[in-house]
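Trainee: Take a look and give me a structure for this.
(one chain, ligands or ions: 1)
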Amino acid sequence: MSVYRRSADHHLMRDINRALILNHLRQDAPQSRAELAERTGLTRSTVSSLVDELIAANLVHETGIAPSRGGRRGTLLALNPAGGCAIGVAITSDQIVVLLTDFVAHPRWQRQMALLDADAGQVIGQVEALIDEALAYNAAHEAAPLLGIGLATPGLVRVRDGTLRTATNLRWRDIPFQARWEARFGVPVRVGNEASIAALGEHYFGAGAGFSDFLYLELSARAIGAGIFVEGRLYQGVDGYAGEVGHMVVDPAGPACSCGRCGCWEAVLRQVCDLAPLRDALAAGMPSSLGDPTRLTRAMVLSAAEAGDALARGYVERLLNVLVIGIANLVNVFNPQRVVLGGSLGMLLAPFLPALQSALAAQITLPAESAPDVVLAQIASNPSALGAVALVLDEIMSEPLPGAIRQSWP
Ligand SMILES: [Zn+2]
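Mentor: Numbering: from 1, shown residues only. Model prediction:
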């Protein structure tokens, strides 16, 4: 037990234990009080009193009677879906998604809208109007208490106060989302970078479930974002900017990057992802099954490579080499159990995972048995919106950190 834990005051300890029970029920339900005590290591009387509190708060409900285990049969408990609702908002470079879920993250209402204008004021106005719609829907139906709003946004987010510092693609700066929305909607608001938030979503609902240490990489042909899970928590760094892996320099003599330096991982990836050299080769009459160079897409090239087309295979080989260089660096630093690939490019890589995994095993300096497995993300549609919901739930279900002050309890 850490010094922090020993010195934690009574209230904090109750918060921690309450979160522990909720989190156990989130992962495995239904369970009886006796099972919860066994699995959490808390005493039966602590479990009973916390469960009473959670039932009174409507977050947990009784769902039936446990099978006999030799003694008195216990009542089974589960999270109460109607105990609250959460709103997850995702802003990406081309769309806005607003998702309303119940307390177990099942979607109740969703809207998405193309992001036509990058004007921050206008976009924020659209998002707020959609949140109002979600709240109106909730009020007209189950009227579950709103537990919080999570926002996933591109760019650098100062997590401490939920301020978007910069989002280069959107040309946004210093937007205090958390302060603005807490004042407007009166609930806790949490903000994070979209790749970190998608990683949180994978941790709660996808390929990261059950893994304490994993890397999530959001790969597109233009950028690489990451979410880093260390010891069961999203690693955010002191200000919240951790995970900018795309700007790790992998070749100082490489191409110029949007950040002003040369040879960043994502700049090198952008170069090998470029389809122009392939188009030129096809136009020059290189033998290939790829067909019309003017209609070429990356997905076509990857599937031609899978079918054995030599030109396409060369392209994929260069692409995998670049990915492996960066992933190997990260694996050497973080020693994860698993690497999860998401994003529009990542999701195309299914046929090449075995090749990627063996190239990776050859490049890392860790012992071979510590090579992580490499898998695809499981949340295929709007991962950061569902992740933003997880951000709200995480506030309630994860143990508070030293010095953390819970803003509100339902
Ligand atoms: Zn860069």
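Trainee: contacts, neighbours, all on C-alpha from now
Mentor: OK.
Trainee: what kind of secondary structure is Glu218 in?
Mentor: What DSSP: H, G, I helix; E, B strand; the rest coil gives for Glu218 is strand.
Trainee: So it versus the ion, what's the distance?
Mentor: The gap separating Glu218 from the ion is 16 Å, by CA to the ion, to the nearest Å.
Trainee: Would you agree Pro372 is in contact with Val340?
Mentor: No - checked against CA atoms under 8 Å, the pair Pro372 and Val340 is beyond contact range at 9.8 Å.
Trainee: tell me the pLDDT at Ala368?
Mentor: Among the per-residue scores, Ala368 shows a pLDDT of 89.
Trainee: How are the helices of the stretch 201-350 of the chain distributed by residue range?
Mentor: Applying DSSP state H, counting those that start in this stretch to the stretch 201-350 of the chain gives helices spanning 265-273, 276-283, 298-306, 310-334, 343-346.
Trainee: moving C-terminal of the lowest-mean-pLDDT helix or strand in the chain, what's the next helix or strand?
Mentor: The least trusted helix or strand in the chain, going by mean pLDDT, DSSP states H and E, turns out to be helix 3-7, with a mean of 48. Counting by DSSP states H and E, the element after helix 3-7 in chain order, helix or strand, is helix 10-27.
Trainee: related to what we said a few turns ago, quick one, which of the helices of the stretch 201-350 of the chain is nearest to Ala144?
Mentor: helix 343-346 (32.6 Å; CA to CA).
Trainee: can you dump the C-alpha coordinates of the closest one into PDB?
Mentor: The C-alpha trace of helix 343-346 is given here as PDB (Å, rounded to 0.1, in the frame of the first residue of the first chain):
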ATOM      1  CA  GLY A 343      -7.600   5.100 -37.600                       C
ATOM      2  CA  SER A 344      -8.400   5.000 -41.200                       C
ATOM      3  CA  LEU A 345      -5.000   3.600 -42.200                       C
ATOM      4  CA  GLY A 346      -4.700   1.200 -39.200                       C
END
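Trainee: residues near Pro252, how many?
Mentor: 11 (other CA atoms under 10 Å).
Trainee: ok, now which residue in the chain is the farthest from the centroid?
Mentor: Computed with CA atoms, centre = their mean, the maximum C-alpha offset from the centroid of the chain is found at Gly285, amounting to 43.7 Å.
Trainee: Contact partners for the closest residue to Ile65 other than its chain neighbours?
Mentor: The shortest distance from Ile65 to any non-neighbouring residue, by CA to CA, 6 or more residues apart in numbering, is to Thr75 (4.5 Å). Contact analysis of Thr75 by CA atoms under 8 Å, 6 or more residues apart in numbering lists Ser32, Arg33, Glu62, Thr63, Gly64, Ile65, Ala66.
Trainee: what do you get if the cut-off is 10 Å, keeping everything else the same?
Mentor: Pro30, Gln31, Ser32, Arg33, Ala34, His61, Glu62, Thr63, Gly64, Ile65, Ala66, Pro67 (CA atoms under 10 Å, 6 or more residues apart in numbering).
Trainee: Contact partners for Asp251?
Mentor: Contacts of Asp251 (CA under 10 Å, 6+ apart): Cys262, Gly263, Cys264, Trp265, Ala267, Val268, Ile325.
Trainee: Can you verify my assumption that the first one contacts Gly246?
Mentor: It refers to Cys262. No - with contact defined as CA atoms under 10 Å, Cys262 does not reach Gly246; the gap is 11.9 Å.
Trainee: rewinding a little: among the contacts of Asp251, which one sits closest to the ion?
Mentor: Cys264 (4.6 Å; CA to the ion).
Trainee: Setting aside sequence neighbours, what's the nearest residue to Ser384?
Mentor: Ala198 (4.4 Å).
Trainee: Give me the number of neighbouring residues for the one you found.
Mentor: Neighbourhood size, Ala198 [other CA under 10 Å]: 34.
Trainee: any idea how far it is from Thr101?
Mentor: 16 Å (CA to CA, to the nearest Å).
Trainee: same deal with Arg33?
Mentor: In terms of CA to CA, Arg33 sits 27 Å off from Thr101.
Trainee: Doesn't the residue nearest to Ser384 lie inside a strand?
Mentor: No - read with three-state DSSP, Ala198 is helix and lies in no strand.
Trainee: Hmm, Ala120 is touching Arg171, no?
Mentor: Yes - at 8.6 Å, Ala120 counts as touching Arg171 under the criterion of CA under 10 Å.
Trainee: for the stretch 151-300 of the chain, what spans make up the strands?
Mentor: In the stretch 151-300 of the chain, the segments counted as strands under DSSP state E, counting those that start in this stretch are 156-158, 163-167, 172-175, 189-193, 214-219, 224-230, 233-235.
Trainee: Between those, which one is closest to Pro293.
Mentor: Per CA to CA, nearest to Pro293 of the strands of the stretch 151-300 of the chain: strand 214-219, 24.1 Å.
Trainee: tilt between the closest one and strand 224-230?
Mentor: Here strand 214-219 runs at an angle of 170 degrees relative to strand 224-230 (axes from the mean of the first three to the mean of the last three CA atoms, to 10 degrees).
Trainee: mean confidence for stretch 327-339?
Mentor: 97.
Trainee: going forward, begin numbering at 80 instead of 1
Mentor: Let's use 80 as the start, then, which means that last one is stretch 406-418.
Trainee: got the buried residues for it?
Mentor: Ile406, Ala407, Asn408, Leu409, Val410, Asn414, Pro415, Gln416, Arg417, Val418 (16 or more other CA atoms under 10 Å).
Trainee: Go through the helices of the stretch 280-429 of the chain and pick out the most buried.
Mentor: helix 344-352 (a mean of 23; mean count of other CA atoms under 10 Å).
Trainee: from the middle of its chain, how far away would that one be?
Mentor: 23 Å (CA atoms, centre = their mean, to the nearest Å).
Trainee: do stretch 286-303 as well
Mentor: For stretch 286-303, the distance to the chain centre is 8 Å (CA atoms, centre = their mean).
Trainee: residues of it that come out buried?
Mentor: Quick answer for stretch 286-303 (16+ other CA under 10 Å): 286-287, 291-300, 302-303.
Trainee: and the two most separated of these?
Mentor: Ser291 and Ala300 (28.5 Å).
Trainee: picking that back up, compare Ala199 and Arg250 (neighbour count), which wins?
Mentor: When Ala199 and Arg250 are compared for neighbours, Ala199 comes out ahead with 14 against 11, by other CA under 10 Å.
Trainee: and the nearest residue to the more buried one once chain neighbours are set aside, how many neighbours?
Mentor: With CA to CA, 6+ apart as the criterion, Ala199 has its nearest non-adjacent residue at 6.5 Å, and that residue is Trp251. Per other CA under 10 Å, the neighbour tally for Trp251 reads 17.
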